[in-house]
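# What would the 3D arrangement of this be:
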Amino acid sequence: MRVLIVDDEASIRRTTAVAVKSMGHEPFEAGSAVKALKTIEEDRCDVCFLDLKLGGEDGLEVLARLQKAYPSVAVVMFTAYATIATAVEAMRRGAFDFIPKPFTPEQIRQVLNKLAKTRRLENRVQQLESQLAAESAPNDFVSAEPGMQKALEIAFRAADTPATIMILGPSGTGKSVLAREIHLRSAQREAAFVTVNCPSLSRELLESELFGHVKGAFTGAVADTFGKVAAADGGTLFLDEIGEMPLEIQPKLLRLLQEREYERVGESRVRRAQVRVVAATNRNLASEVKSGRFREDLYYRLNVISVALPGLQERPADLTVLAESCLAFFARRMGRVAMRYAPEVSQAFAHYAWPGNLRELRNVVERAVILAREDTVRLDDLPDDFRERSDTDPAVGARVTLDELESAHIRRVLGSSRNLDEAAKTLGIDPATLYRKRQRLGLV
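Numbers count the residues shown, from 1 in each chain. This is a model prediction of the structure:
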């Protein structure tokens, strides 16, 4: 953490700074309220140790000014004039804690550990609230497909290391979901997970979004901002669709990855950040490098661990499980229970190409749950693309079950026969057997 020590006695500032630094934190010093406010404005501080008697100034008044200007900074009061009444008043006004002088390094350590634990809990609560608000469909990260199994194994083995991870795959395959899961399995799990969507902003705004800017750096910069890199300090920075990042910003990202250094827009001061980077793209970055649209050195720096997510069409063994999981999720969210798919819907799902992958599957299932008049999802509840493909039966050798193949064949024979007896004769079975098969396959 960045720790500001505000005291009019230089010896107190020095000894406290030594203790803070020995604990792995970065100390800053100020001998007055004016210097303290200026320091916090220039350096993002997490905690401020503030003397109650600051020269001719009242520390409680300075506390109020700090809270108004920088509410995220935790203030710890310390003073030689320690009384219960003073401590209660400081806490009542919003101080995080109170330490009497003379204090020991252990007291400093205890209050900083207490603050770190509180911040971790706050971040965890925010993360859980964000996940609940998103109400995303479940993803169990279990697959029966070798390609997906390999991708997940690589991702989760690398999750608890500081290595940069690149997630590759078509749109809608769950790259952002996997990135968050990597964060939750990492050493940074208690810190922030910060997302930057690279294609969503212009070059100027994306640079500011990433690294922050100072007031007046460009038109519209009416106040200082610290940016997503500072927000992700100590945690994970997820760069979504990094293949869209403008060439002008790529050297600055490379510097962050290699040196852990960056500068805000409009500022020459070098800042440091310890962030774990996870990037994702649906582009072929090797081809982008050859065409000159992506820096080769940045490509190799990002591509330390590469995870390739297959499209849904390449995961036929997972399709049924995923579709059932989505159906249960959206049915529960809509207050409907015991919903199921009609056999022709399952067949239509198996024959569909799913160009939008998991995202499209979830959208289709959510729509079907909303429109279904009964507890069974039928073809009429699906978009037109599925109804247009409902007459396309699986070919012999297609990756479908025997029941699906048999159902398609019986349906076609029934459609071309004058009656049940003729259909049974064509199929080489007796009418009673055909009747039972039609019931089992849902063709009656």
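# how about the helices of the stretch 201-350 of the chain, start to end?
203-211, 227-231, 250-259, 285-290, 296-302, 316-333, 343-351 (DSSP state H, counting those that start in this stretch).
# mean confidence score for stretch 245-261?
Stretch 245-261 shows a mean pLDDT of 95.
# Same check on stretch 411-422?
Stretch 411-422 shows a mean pLDDT of 73.
# A helix includes residue 162, no?
No: Residue 162 is assigned coil when assessed by DSSP: H, G, I helix; E, B strand; the rest coil, not a helix.
# How about the contacts made by the residue nearest to it when sequence neighbours are not counted?
Leaving aside its chain neighbours, residue 162 sits nearest to residue 276 (6.0 Å; criterion: CB to CB, 6 or more residues apart in numbering). Every residue, glycine included, has its C-beta placed from N, CA and C. Residues in contact with residue 276 (CB atoms under 8 Å, 6 or more residues apart in numbering) are 162, 164, 183, 186, 188, 235-237.
# sorry, back to before: output the helices of the stretch 201-350 of the chain in CSV; the columns should cover mean neighbour count and distance to residue 94.
As requested, the helices of the stretch 201-350 of the chain are arranged in CSV below (neighbours: other CB atoms under 10 Å; distance: least, CB to CB, whole Å):
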stretch, mean neighbour count, distance to residue 94
helix 203-211, 20, 31
helix 227-231, 21, 23
helix 250-259, 16, 35
helix 285-290, 15, 48
helix 296-302, 17, 43
helix 316-333, 17, 39
helix 343-351, 21, 56
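# where does the nearest residue to residue 70 once chain neighbours are set aside land in three-state SS?
With sequence-adjacent residues excluded and distances taken as CB to CB, 6+ apart, residue 70 is closest to residue 40, at 5.4 Å. Following three-state DSSP, residue 40 is assigned to helix.
# One more: residue 144?
coil.
# What separation is there between the closest residue to it other than its chain neighbours and residue 406?
Nearest non-adjacent residue to residue 144, counting by CB to CB, 6+ apart: residue 317, 4.1 Å away. Distance from residue 317 to residue 406, counting by CB to CB, to the nearest Å: 20 Å.
# Repeat that for residue 163.
49 Å.
# how close does the spatially closest residue to residue 319 that is not a sequence neighbour get to residue 171?
Of all residues not flanking residue 319 in the chain, residue 349 sits nearest, at 6.2 Å (CB to CB, 6+ apart). Relative to residue 171, residue 349 is positioned 19 Å away (CB to CB).
# same question, residue 215
37 Å.
# cool, residue 26 as well?
In terms of CB to CB, residue 26 sits 41 Å off from residue 171.
# likewise residue 308?
14 Å.
# next structured bit after the least confident helix or strand in the chain by mean pLDDT?
Confidence across the helices and strands of the chain bottoms out at helix 384-388, with a mean of 71, counting by mean pLDDT, DSSP states H and E. Sequence-wise, the next helix or strand downstream of helix 384-388 (DSSP states H and E) is helix 402-416.
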